[in-house]
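Chemist: What follows is a protein structure lacking sequence information:
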């Protein structure tokens, strides 16, 4: 029975496990400036995740004692410098949960071991190949410009018919006003002509009446 035995053995002896732990922690911290994640087997990822979290917790308080503890675990001065200068201040306000493990879809070639993605939790994450969220982010990023273009085109198309409709609405009004003006002018002329004819007839009848009176006298 495995009483008081912490961690996984990974089918390795103690010195091999220590070397593996040191190498994986170094690779993880070095990738902070790169992709921000490493790809390994799921067993190794679960084995190394608590150790990486403890190193980041040490780096949140930059003291000589903490740097010596990290140096004893990692064994690389440049990597420890990156840990305390960049990673620690980045997670200063985060109370844990600095890394995450995601199982990958495709197994490892050769022995078909289950692969896993061990990466930092940060804003500029790059998802591994085969992760569904990577496809979703790419589709959404490609869909946003297309949606913006479609909305802009729709606005233009909506604006053009409005102008045409206004011009078409204005032209019949002008034609109708012209017709009303023409109709108003014509009846006035027609109305004036009968009065003139009546006055001419009255003057002609008066003249004929005078001529009759002169003839009788």
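Modeler: Cool, the structure landed. What you see is a predicted model, and the numbers here were worked out from it, not measured in a lab.
Chemist: residue ranges with poor pLDDT in the protein?
Modeler: 124-149, 152-153, 157-217 (pLDDT under 70).
Chemist: Could you chop this protein up by domain?
Modeler: What the record gives for the chain is the domain set 14-126, 131-209, from automatic domain parsing.
Chemist: Return the distance of residue 76 relative to residue 84.
Modeler: 13 Å (Cβ to Cβ, to the nearest Å). Placement of C-beta: from N, CA and C, glycine included.
Chemist: who has more neighbours, the two?
Modeler: Of the pair residue 76 and residue 84, residue 84 is the one with more neighbours under other Cβ atoms under 10 Å, namely 21 against 16.
Chemist: Thought residue 67 was touching the more buried one, still the case?
Modeler: Yes. Using Cβ atoms under 8 Å, residue 84 is in contact with residue 67, at 6.2 Å.
Chemist: To what extent is residue 81 buried, counted in neighbours?
Modeler: In terms of burial, residue 81 registers 13 neighbours under the definition other Cβ under 10 Å.
Chemist: how about whichever strand or helix holds it: buried residues?
Modeler: Using DSSP states H and E, the secondary-structure element containing residue 81 is helix 77-82. Neighbour-count burial for helix 77-82 flags 79, 80, 82 (criterion: 16 or more other Cβ atoms under 10 Å).
Chemist: mind putting the residues you listed in JSON lines, distance to residue 58 included?
Modeler: Written out in JSON lines, the entries for the buried residues of helix 77-82 read as follows (distance: Cβ to Cβ, whole Å):
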{"residue": "79", "distance to residue 58": "13"}
{"residue": "80", "distance to residue 58": "10"}
{"residue": "82", "distance to residue 58": "13"}
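Chemist: of all those residues, which comes closest to residue 114?
Modeler: In terms of Cβ to Cβ, no member of those lies closer to residue 114 than residue 79, at 27.6 Å.
Chemist: Run a quick check on that closest one versus residue 29, I expect a contact.
Modeler: Yes. Judged on Cβ under 8 Å, residue 79 makes contact with residue 29 at a distance of 5.0 Å.
Chemist: which strands and helices sit next to the helix or strand encompassing residue 16?
Modeler: Here residue 16, judged by DSSP H and E, is contained in helix 14-30. Counting contacts by 3 or more Cβ pairs under 8 Å, 6 or more residues apart in numbering; DSSP states H and E, helix 14-30 is packed against strand 37-41, helix 42-59, helix 64-74, helix 77-82.
Chemist: For the last one, which helices and strands make contact with it?
Modeler: Read it as helix 77-82. Packing partners of helix 77-82 (3+ Cβ pairs under 8 Å, 6+ apart): helix 14-30, helix 64-74.
Chemist: Let me know which of these is the nearest to residue 51.
Modeler: When those are ranked by distance to residue 51, counting by Cβ to Cβ, first place goes to helix 14-30 at 5.9 Å.
Chemist: Other residues contacting the closest one?
Modeler: Judged by Cβ atoms under 8 Å, 6 or more residues apart in numbering, the contacts made with helix 14-30 from elsewhere in the structure are 9-10, 12, 38, 40, 44, 47-48, 51-52, 55, 73-76, 79, 82-83, 87, 99, 118.
Chemist: what about 10 Å?
Modeler: Residues from elsewhere that reach helix 14-30, judged by Cβ atoms under 10 Å, 6 or more residues apart in numbering: 7-12, 36-38, 40, 44-45, 47-49, 51-52, 54-56, 59, 70, 73-76, 78-83, 86-87, 99, 118-120.
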